[in-house]
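[1] next input, structure requested:
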Amino acid sequence: MTESIRATGNFNASSFGQKRDLCESIFNKVSSVFTPSTAPEDPGALSNIGVTLSVNPPGFGGGDGGEGRTNGIRSLWVNTDAAIHMRVDPETLDPISYAEQTKLHPELKGYFSAAHAQKDPVNGDVFNYNLDIGPTTTYKVFRVSAATGKTDILATITDAPPAYLHSFIITENYVVLCIWGSHYTLSGAKMMETKNFVDAMDALDPRKPNQWYAIDRKNGKGIVAKYEGESFFCFHTINAWEELSPSDPSQVDIVAELTGYENLDIIKRLYYENLKSTAPGSRSFIGDKGATTRGSIQRWRLPSVTMSRPSTGSKAILEFVAPKDKSCDLPTYNPKYSTKPSRYVYGVIDRGLSTFYDGLVKYDTKTHDALIWSQHGHSGGEPIFVPNPEGKEEDDGILLSVVLDGSIGLSYLLVLDAKSLEEVGRASMEWPVGFGFHGTHHAV
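    This is a model prediction of the structure:
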């Protein structure tokens, strides 16, 4: 995409939030009827793919490039909120090829998907959804087998509005898709005008409940339960697990944790004009004025998912909401506890002290206490939890975060003890590292 923009001076594809000239976006719908398409043969050439990383994912292949040179990384793929993926060289990060989800299964023909696929921590199967919008909105929840590389459709949802869903959750036996309050206007038709996700979304309507779908992922039963809950928006889920229902021990509940927002203000805040500290727009979000753009860690319960027949209209129960000044986004936890009950959540915190995130936090969901690392003028990126291979406790490990030292304009890799959030060390760099979204740690 970058090379195409440099060569032509134009960017004609859809994006997440880039604003377009109003006349061009409106009248191009008419003029395109008379103008031949100049789209490149490679469908990924104009795709902005750079949100999450997948190491050796099943289904797309990737050959043996990198084996031995990159500690077992045979293929490295980059994902976004669209149904197209980019393979990159594990050492140079140069693009190698692109693949659409139709390569996994011919029914995955929708444009949208989750940047955050979910991976079974035991067998390595990968789960995601594909969203096709049009006269009928269709979500297809699918699994890619790590053993065979084959893809099967677990469920098809046609009774939910089209929405921007950056992530979702899995438990040991279920995939859970929550359709939260980020609905596309006119079933997505407005994107023809706006050419970006953000401006094509309706404002969150608190009167419209979120819809939760629990989908069996082991026995082929499809949707086994549906729930409704209070409206919220979410970028990132955290963890989820199953436990015996406190009201009926013969039933199993799903417990899910995520970072929730009361509306979509956070998306608009992420425009460059609002993040840059010297820009006038940033002043609208400092201190209490930016309260609605700060998320809170939430725990939800989906009761009695193991009923003998599918339940419809059951209520999703909000169990707790953490204070915003202790909560985080870009959340992470010890990956050894994936689909198991977990206690500690780590992430970047926004207390209104900056125009960007102003620290790193460890939140205890049992005691509701928080530890915070912060340094004036230093902006931390997503923390990545690396567990101690011999550790016995959940918080036994380290956190890695790329931090920008705003006073000198250079970055460093920060290493924190995950138990105390005390600094273990840092590796200084001679340049600034641009803020991205998500990283990964690949254990050898």
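[2] use CA for all of it now, contacts and neighbours both
    Will do.
[3] and V126, what does it touch?
    By Cα atoms under 8 Å, 6 or more residues apart in numbering, the residues touching V126 are 57-58, 117-120, 143-146.
[4] elements contacting the helix or strand hosting A427?
    Assigned by DSSP states H and E, A427 belongs to strand 423-428. Here strand 423-428 is seen to pack against strand 410-417 when contacts are counted using 3 or more Cα pairs under 8 Å, 6 or more residues apart in numbering; DSSP states H and E.
[5] now L258. Nearest residue, chain neighbours left out?
    T237 (4.0 Å; Cα to Cα, 6 or more residues apart in numbering).
[6] model confidence score at the one you found, please.
    On pLDDT, T237 comes in at 98.
[7] just to revisit the earlier point, among the contacts of V126, which ones are in strands?
    Taking DSSP state E as the definition of strands, the contacts of V126 contribute 118-119, 143-144.
[8] hang on, the earlier thing: mind checking how far the strand holding A427 is from the chain centre?
    Remark: strand 423-428 is offset 27 Å from the chain centroid, using Cα atoms, centre = their mean, to the nearest Å.
[9] just want the angle from it to strand 410-417.
    Orientation of strand 423-428 against strand 410-417 (axes from the mean of the first three to the mean of the last three Cα atoms, to 10 degrees) gives an angle of 160 degrees.
[10] so what's the gap between stretch 102-112 and the chain middle?
    Counting by Cα atoms, centre = their mean, stretch 102-112 comes out at 19 Å from the chain centroid.
[11] return the backbone torsion pair for D199.
    phi -80, psi -10 (degrees, to the nearest 10).
[12] quick one: it from D81, how far?
    15 Å (Cα to Cα, to the nearest Å).
[13] gap between P323 and S231?
    Distance from P323 to S231, by Cα to Cα: 18 Å.
[14] the more surrounded of those two?
    S231 (21 against 15; other Cα atoms under 10 Å).
[15] quick one, phi/psi of that one?
    Torsion angles, degrees, to the nearest 10, at S231: phi -80, psi 140.
[16] so it versus A115, what's the distance?
    22 Å.
[17] okay, now the residue nearest to L258: neighbour count?
    T237 has 22 neighbouring residues, counting by other Cα under 10 Å.
[18] kindly report the same for A160.
    With other Cα under 10 Å as criterion, A160 counts 17.
[19] helix or strand for it, which one?
    Here A160 is assigned to no helix or strand, by DSSP H and E.
[20] pretty sure it contacts W180?
    No. Contact criterion Cα atoms under 8 Å: A160 and W180 do not qualify, at 10.1 Å.
[21] list residues touching both of those two?
    Q211.
[22] number of residues surrounding H116?
    Neighbour tally, H116, other Cα under 10 Å: 24.
[23] not counting sequence-adjacent ones, nearest residue to it?
    S167 (5.1 Å).
[24] for the protein, longest strand please?
    What stands out as the longest strand in the chain, according to DSSP E, is strand 233-244.
[25] give me the buried stretch members for that strand, please.
    By neighbour count with 16 or more other Cα atoms under 10 Å, strand 233-244 contains the buried residues 233-243.
[26] ok, now stretch 332-350?
    332-335, 338-340, 342-350.
[27] let me know the closest of these to E430.
    Closest to E430 out of those is V348 (23.7 Å), distances taken as Cα to Cα.
[28] so that closest one touches T332, yeah?
    No. If you go by Cα under 8 Å, V348 and T332 don't touch, sitting 9.7 Å apart.
[29] which residues are common contacts for the two?
    Common contact partners of V348 and T332 (Cα under 8 Å, 6+ apart): P383.
[30] tell me who's in contact with the closest residue to V176 other than its chain neighbours.
    Using Cα to Cα, 6+ apart and skipping the chain neighbours, the partner closest in space to V176 is A214 (4.6 Å). Residues in contact with A214 (Cα under 8 Å, 6+ apart) are 174-177, 223-226, 305.
[31] okay, those in CSV with distance to S250 and secondary structure next?
    Listed next are the contacts of A214 as CSV, based on distance: Cα to Cα, whole Å; DSSP: H, G, I helix; E, B strand; the rest coil:
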residue, distance to S250, secondary structure
Y174, 18, strand
V175, 21, strand
V176, 21, strand
L177, 24, strand
I223, 20, strand
V224, 17, strand
A225, 16, strand
K226, 19, strand
V305, 11, coil
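[32] top of these by neighbour count?
    That'd be V175 among those, by other Cα under 10 Å, with 28 neighbours.
[33] give the bridge partners for that one, please.
    Applying DSSP bridges to V175 gives these bridge partners: I170, I215.
[34] ok, now which ones touch it?
    V175 neighbours (Cα under 8 Å, 6+ apart): 127, 169, 214-217.
[35] now those as TSV including pLDDT and distance to P387?
    Converted to TSV, the contacts of V175 look like this (pLDDT from 0 to 100; distance: Cα to Cα, whole Å):
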residue	pLDDT	distance to P387
F127	98	24
I169	97	21
A214	97	30
I215	97	30
D216	96	30
R217	96	28
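[36] quick check: the farthest pair among these?
    F127 and A214 (13.5 Å).
[37] ok, which stretches of the stretch 51-200 of the chain are helices?
    Counting by DSSP state H, counting those that start in this stretch, the stretch 51-200 of the chain has helices at residues 191-194.
[38] per-domain residue ranges of this protein.
    Following the assignment in automatic domain parsing, the chain carries domains at 1-46, 328-444.
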